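K.L.:
Any chance you could fold what I've pasted below:
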Amino acid sequence: MQCFTLYLFICLQVSRPEDDELKTALKFLSNENRTVIITIINKSHTEEEGMLDLFLKGLRGGKETDYLIDRILFVAVDQVALSRCTEMQLNCYKLEMSTRNLSQGPSSELNLVDDMWTKSYFLGMVLKLGYSFIFTSIDVLWLRNPLNYLVRKGEDMSISCDTYNGQPFDNSNSINRGIFFVASNNKTITFFDKLYAARNNSGLTEQDKLYDMKTEGAFHKLNMKVGFLDTDHFCGLCQMKCNIKKVMTLHANCCGTKQAKISYLTAVLKIWLRSDGVSSVKWPKHKACLDSSKIPDELRA
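P.N.:
This is a model prediction of the structure:
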């Protein structure tokens, strides 16, 4: 277990000593291809039997995924998350936000606009330091090892989808950011710079702006090779069922609240742990997630 600290000011000016801390963390955890797995956690994720516990249970119960726990950089955005992370002997990284405490109140979830843009900037920093990354949301279960499927044809970026049309390089696929790979090169660095530069004048969330840039041809203009991950292997709750024989990761997308996500993913994991990964199974109903669509926006996870 290692613990690192980076102070990232909300104006996003980073001093050199903290850059060195980031380099140390990335060097320690990256593989021979200079690729590191990253997830971001806050106070609400680290509650007992919460999203972090569920994420780790998935890795421990998955096929050839247990060892990956020691290769993941858990980026904590508040002190509570850092303390819990270190208690669990994970590779923890403190990302300090100087202007507000992300752990305060129901608006602390990482899908808030400011937090999403900060995540985007941080991932851009990783690319600029010469490291490729696999980012996974904490609400993604890793049931099988997906690493060899994320990069197969020299993609600059591979990204998961809400809906998938069967064509892995068709720009019309509907994307989400549950799990995605980005290679470190001039094209992807420029893309993340452009994405972040839009934060103040777009009025959009980071994911909405990413979707707009895709639609407007940003990938093509930068000559980026972008692969869209099929939903047989990278499933989500937007699909009514996942293929037990193929599924590698399962993302709690199309699910409005943290508790609904935990409830559904817990039920999925119980079924997975009882299965042989081959025989057909009956997946749990999406009732909690469907009901969560009635929850006010400010309470959504």
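K.L.:
start to end distance for stretch 133-153?
P.N.:
16 Å (C-alpha to C-alpha, to the nearest Å).
K.L.:
buried sites along it?
P.N.:
133-147, 149-151 (16 or more other C-beta atoms under 10 Å). No exception for glycine: its C-beta is placed from N, CA and C like everyone else's.
K.L.:
same question, stretch 245-256
P.N.:
Buried residues in stretch 245-256, defined by neighbour count with 16+ other C-beta under 10 Å: 247, 248, 249, 250, 251, 252, 253, 254, 255, 256.
K.L.:
Which stretches in the stretch 51-200 of the chain count as helices?
P.N.:
For the stretch 51-200 of the chain, the helices defined by DSSP state H, counting those that start in this stretch occupy 51-61, 79-87, 113-128, 147-150, 186-197, 199-202.
K.L.:
can you redo the ones you listed as JSON lines with mean pLDDT?
P.N.:
As requested, those are arranged in JSON lines below (pLDDT from 0 to 100):
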{"stretch": "helix 51-61", "mean pLDDT": "97"}
{"stretch": "helix 79-87", "mean pLDDT": "94"}
{"stretch": "helix 113-128", "mean pLDDT": "80"}
{"stretch": "helix 147-150", "mean pLDDT": "91"}
{"stretch": "helix 186-197", "mean pLDDT": "92"}
{"stretch": "helix 199-202", "mean pLDDT": "69"}
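K.L.:
Can you lay out those as JSON lines showing distance to residue 165?
P.N.:
Formatted as JSON lines, those follow (distance: least, C-beta to C-beta, whole Å):
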{"stretch": "helix 51-61", "distance to residue 165": "27"}
{"stretch": "helix 79-87", "distance to residue 165": "37"}
{"stretch": "helix 113-128", "distance to residue 165": "26"}
{"stretch": "helix 147-150", "distance to residue 165": "18"}
{"stretch": "helix 186-197", "distance to residue 165": "23"}
{"stretch": "helix 199-202", "distance to residue 165": "27"}
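K.L.:
Tell me which of those helices sits nearest to residue 232.
P.N.:
Residue 232 sits nearest to helix 147-150 of all the helices of the stretch 51-200 of the chain, at 10.4 Å, using C-beta to C-beta.
K.L.:
so the biggest strand by length in the chain versus helix 113-128, what angle?
P.N.:
Scanning the chain for the longest strand, with DSSP state E as the assignment, gives strand 174-182. Angle, strand 174-182 to helix 113-128, by axes from the mean of the first three to the mean of the last three C-alpha atoms, to 10 degrees: 40 degrees.
K.L.:
so what does strand 174-182 touch, helix or strand wise?
P.N.:
strand 132-136, strand 157-163, helix 206-215, strand 234-236, strand 249-251 (3 or more C-beta pairs under 8 Å, 6 or more residues apart in numbering; DSSP states H and E).
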